[in-house]
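Trainee: below are the sequence and a predicted model; questions follow.
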Amino acid sequence: MIARISGKINKQLQSLITAFGLFLFSLCVGLLGFSMIEGLDFINALYMTIITVGTVGFTEVKELSPGGRIFTSIYILMNLGLFAYVVSVVSSYFFEGKLKSIFKSYQSGMEISKMKDHVIVCGYGRNGSRACEELDKCGKPFIIIEKDPEIKESIPEHMKWYIGDATEDDNLKSIGIEKASVIIITTPSDAANVFITLTARHLNEKINIIARASNRETESKLYRAGADKVIMPDILGGMFMAQLVTKPIVIEFLDLLNGVSGDSYRLEEVSYLQLKPKFRDKTLKELNISASTDVIVIGVKDNIKGLIPGPPLDTFIGIDDHLIVLGSTATLNRFSDIYTDINFEDLA
């Protein structure tokens, strides 16, 4: 992975390396020309080369022969374009922030090489940026891969990003696809999303793949390609708008659960391992959460039975199980203090 990152940095520095190489080539031409035509020693040949390249017009070390004058004339003309190119390239790196961007890319690459169990977000468009905001808010490590270099200007400075095409194996390997736990594929192209899904599943059989689709046909293809979950934002958005008319109270309640309404109520999930040891391997009745904190347990994800909405009090909370709770900021903090070591304020 580090070798791939270094290779990408070398590509970004290619124009600077080319400019430096052309400048050295020009110096060698000058040294050889003045040494061979005028018979100058190294120091005098170098002096004549520098004043000619720099067009400063200082005194010549000796009067040039006709051959020397012809060579100097051609050499000056050759260096006019070359010197302008070198200055423009150097200026773009040092004064336009290009070198800073490359250094940041290198630094980010070194951090990426150390990541594991992270989330990869493919595409930083409408859906991708929203996914990144949520991951960032919850403190989940993630890396953005985006093929449009201009998009990086809109990515917050503290987020890790990688410029490259997610459909290419090497780019996914460069951002640690083999060590990632989840990949969220949000590019606007359904064909690209199917291809990325196939590639991700091939490179990491255990990775959880969440992909975006525009229509039902693509949804079935994504599942066949290896996606674990397919989201269709356009269909969900249209359905939600229709239900604002047909089921307004239900939507109002869902907004309350998701925190969309602006009220202080929100949903949180708590795993078995996040519970304090003394509250593990107990039933909901034994936990007595509602009476102690006013937090409502609206669901349990059982590792055998699956999702249980409105679980009965005799529901046993064992290893690999999850609680889904609803409460206000105050009640969730009280629940956190009593039952877990989670700080819900950090996740808000």
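Mentor: Nice, thanks for sending it over. Numbering: from 1, shown residues only.
Trainee: when you work out contacts or count neighbours from here on, use the C-alpha atoms and nothing else.
Mentor: Will do.
Trainee: what about Gly30, neighbour count?
Mentor: Gly30: 24 surrounding residues under other CA atoms under 10 Å.
Trainee: flag every buried residue along the host helix or strand of it.
Mentor: Using DSSP states H and E, Gly30 sits in helix 14-38. Residues of helix 14-38 classed as buried under the neighbour-count rule (16 or more other CA atoms under 10 Å) are 16, 19, 22-23, 26-27, 30-35, 38.
Trainee: now do the strands in this structure.
Mentor: Remark: strands assigned in the chain by DSSP state E are 119-122, 142-146, 160-163, 182-185, 208-212, 229-231, 266-271, 282-283, 296-302, 306-309, 316-317, 322-327.
Trainee: so for the third one, mean pLDDT?
Mentor: Averaging the model's pLDDT scores along strand 160-163 yields 86.
Trainee: do the same with the longest one
Mentor: Across strand 296-302, the average pLDDT comes to 92.
Trainee: try the first one
Mentor: Taken as a whole, strand 119-122 carries a mean pLDDT of 95.
Trainee: Ile289: which of the strands of the chain is closest?
Mentor: Among the strands of the chain, the nearest to Ile289 by CA to CA is strand 296-302 (7.4 Å).
Trainee: that closest one: how far from the chain's middle?
Mentor: Here strand 296-302 is found 33 Å from its chain centre; the criterion is CA atoms, centre = their mean, to the nearest Å.
Trainee: what do you get for stretch 35-52?
Mentor: Averaging C-alpha positions (CA atoms, centre = their mean) puts stretch 35-52 52 Å from its chain's average.
Trainee: okay, it in CSV with CA atoms only?
Mentor: C-alpha atoms of stretch 35-52 as CSV (Å, rounded to 0.1, in the frame of the first residue of the first chain):
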residue,chain,number,x,y,z
SER,A,35,33.9,24.2,-23.2
MET,A,36,34.2,22.6,-26.7
ILE,A,37,33.6,25.7,-28.9
GLU,A,38,35.4,28.3,-26.8
GLY,A,39,37.9,26.0,-24.9
LEU,A,40,36.8,27.4,-21.5
ASP,A,41,37.5,25.6,-18.3
PHE,A,42,34.7,24.3,-16.1
ILE,A,43,34.3,27.5,-13.9
ASN,A,44,34.3,29.9,-16.8
ALA,A,45,32.0,27.6,-18.9
LEU,A,46,29.6,27.5,-15.9
TYR,A,47,29.7,31.2,-15.5
MET,A,48,28.9,31.8,-19.2
THR,A,49,26.1,29.2,-19.0
ILE,A,50,24.5,30.9,-16.0
ILE,A,51,24.6,34.5,-17.3
THR,A,52,23.3,33.3,-20.7
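Trainee: buried stuff in that stretch?
Mentor: Ser35, Glu38, Leu40, Asn44, Ala45, Leu46, Tyr47, Met48, Thr49, Thr52.
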